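*Asks:* Everything below, folded, please.
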Amino acid sequence: MRTLCVAGWGFRAGAEVQSFADCWAQAGRLIALDGVPSAHWTMAILDARRQTPAWATFCAWKYAHLPQAVELWCTDADIRGIDTALQSMRVAQRFGTGSVAEALALHGVARAASSTDARLLMPRVVSLDRRATLAIATFQSSSFSI
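*Replies:* From the prediction side, this is the model:
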């Protein structure tokens, strides 16, 4: 049985390597990331983020830490209406969901596993500089595809 882990990333245009590293370190403290090394990792990101200066920074961080992870591009419409554990009124007004990172993680699992049985391994964490957010969702199955 394989485990699919989807990291939903939200970030601002000015996010730096430390922004992503801080989120990942928080995740490691919350869910022991070293315990899921055989997981199939997907990074779910809003497509619009590729147009920001932080995109190259995210890529540098990703390739240094999880080069095998696949990227999943999502639109605002993909995450609109997804029920999330955390609720931000500002985010809800702009994106139609309470947490971009959580919605991306849940959407990524649902899309890859063709199942609504996704569960958050951890709710959204925010980098110390408040420029990046990360949530991780999972699904276990004998098969799934991206």
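*Asks:* May I have the residues that are in contact with residue 88?
*Replies:* Contact partners of residue 88, counting by Cβ atoms under 8 Å, 6 or more residues apart in numbering, are 98-99. For every residue, glycine as well, the C-beta is placed using N, CA and C.
*Asks:* What distance do you get for it to residue 109?
*Replies:* Distance of residue 88 to residue 109, given as Cβ to Cβ, to the nearest Å: 21 Å.
*Asks:* contact partners of stretch 57-67?
*Replies:* Contacts of stretch 57-67 (Cβ under 8 Å, 6+ apart): 9, 11, 15-17, 19-21, 24, 41, 43, 45, 49, 69, 71.
*Asks:* per-residue confidence averaged over that stretch?
*Replies:* The predicted model gives stretch 57-67 an average pLDDT of 93.
*Asks:* how many neighbours does residue 29 have?
*Replies:* Look at residue 29: counted by other Cβ atoms under 10 Å, it has 11 neighbours.
*Asks:* Quickly find the element holding it.
*Replies:* Residue 29 belongs to helix 17-31 when assigned by DSSP states H and E.
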